[in-house]
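Show me how the following folds:
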Amino acid sequence: MKILIVEDEPKTGDYLRQGLSEAGFVVDLVRDGLDGLHLALTGDYDLVVLDVMLPSLDGWGVLQTVRRGGHDMPVLFLTARDQVEDRVRGLELGADDYLVKPFAFSELLARVRTLLRRGKAREPEVLRAADLELDLLRRRVTRGGVRIDLTAKEFALLELLLRRQGEVLPRSLIASQVWDMNFDSDTNVIEVAVRRLRAKMDEPFEPKLIRTVRGMGYVLDVAEPSA
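Down below sits the predicted model:
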């Protein structure tokens, strides 16, 4: 799952990005309201963590424009402002939760997971292909009933392949979605990750699910044989 953090305080932003990344999320961080608005409107985010006091455009303006644009991803406000009227204003503009600084990261993580469960209520909590199951909430992968332990990046890669099942995903898309980087043809990080993922959840089982499409990328497809 992908989270956008809009937070101008450097230590807080870096702390949140590191903590949420270590919890297994793909995280983007921006420190300006206009940048946050642009990404919230154009990116495919499951949740936005939004500060109120921001340069260029405050959190109220970001949230109001996002909701007017028809985007319904959960939004968690983070702010040092604890007045009741501020909390009410945020909720009326469409915020889903409100956390006052300073806060314990464990509480923020619990709220993030709760919001993600609500936001994904209309989507399946388990992604499947053949006898492979990926449980999004428990962050658990099994195949044929056998538990498969994956790293955070391997889990994110498998989730992307399952969500876009049957679609050939170019390396550039995988790089941007899973590693949050531009694809560099000189690096083999994607090939290495796919090879390790195959070794864990494909090679010991039948049918083979992850297929290489030469010159194009990778696809998870039950119908085709593995290359």
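
Look at Gly70 and give its secondary structure.
Following DSSP: H, G, I helix; E, B strand; the rest coil, Gly70 is assigned to coil.

Please enumerate the strands of the chain.
2-6, 26-30, 47-51, 75-79, 97-100, 126-129, 132-135, 140-143, 146-148, 169-170, 210-213, 217-220 (DSSP state E).

Looking at those, which one is packed in the most?
Counting by mean count of other C-beta atoms under 10 Å, strand 47-51 has the highest mean neighbour count of the strands of the chain, with a mean of 26. Quick note: C-beta positions are derived from backbone N, CA and C, even for glycine.

can you list contacts of it?
The contact list for strand 47-51 (C-beta atoms under 8 Å, 6 or more residues apart in numbering) reads 1, 3-9, 12, 16, 36, 40, 59, 62-63, 66, 73-79, 95, 108, 112, 115-116, 119.

ditto for stretch 23-38
Applying C-beta under 8 Å, 6+ apart, the set of residues contacting stretch 23-38 is 1-8, 10, 13-14, 16-17, 20-21, 39, 43, 45, 48, 50, 54-59, 61-62, 65-66, 109, 112, 139, 152, 155-156, 177-178, 180.

Show me which helix or strand of the chain is least confident by mean pLDDT.
Taking mean pLDDT, DSSP states H and E as the measure, helix 84-93 is the helix or strand of the chain with the lowest mean score, a mean of 76.

Can you point out the buried residues in that one?
Of the residues in helix 84-93, those buried under the neighbour-count criterion (16 or more other C-beta atoms under 10 Å) are Asp86, Arg87, Arg89, Gly90, Leu93.

Could I get these in TSV, plus columns for distance to Arg163?
Listed next are the buried residues of helix 84-93 as TSV, based on distance: C-beta to C-beta, whole Å:
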residue	distance to Arg163
Asp86	36
Arg87	34
Arg89	35
Gly90	30
Leu93	30
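
if we can go back for a sec, next, the angle from the least confident helix or strand of the chain to strand 75-79.
Between helix 84-93 and strand 75-79, the angle formed by their directions is 160 degrees, by axes from the mean of the first three to the mean of the last three C-alpha atoms, to 10 degrees.

now helix 84-93, how far from the centre of its chain.
26 Å (C-alpha atoms, centre = their mean, to the nearest Å).
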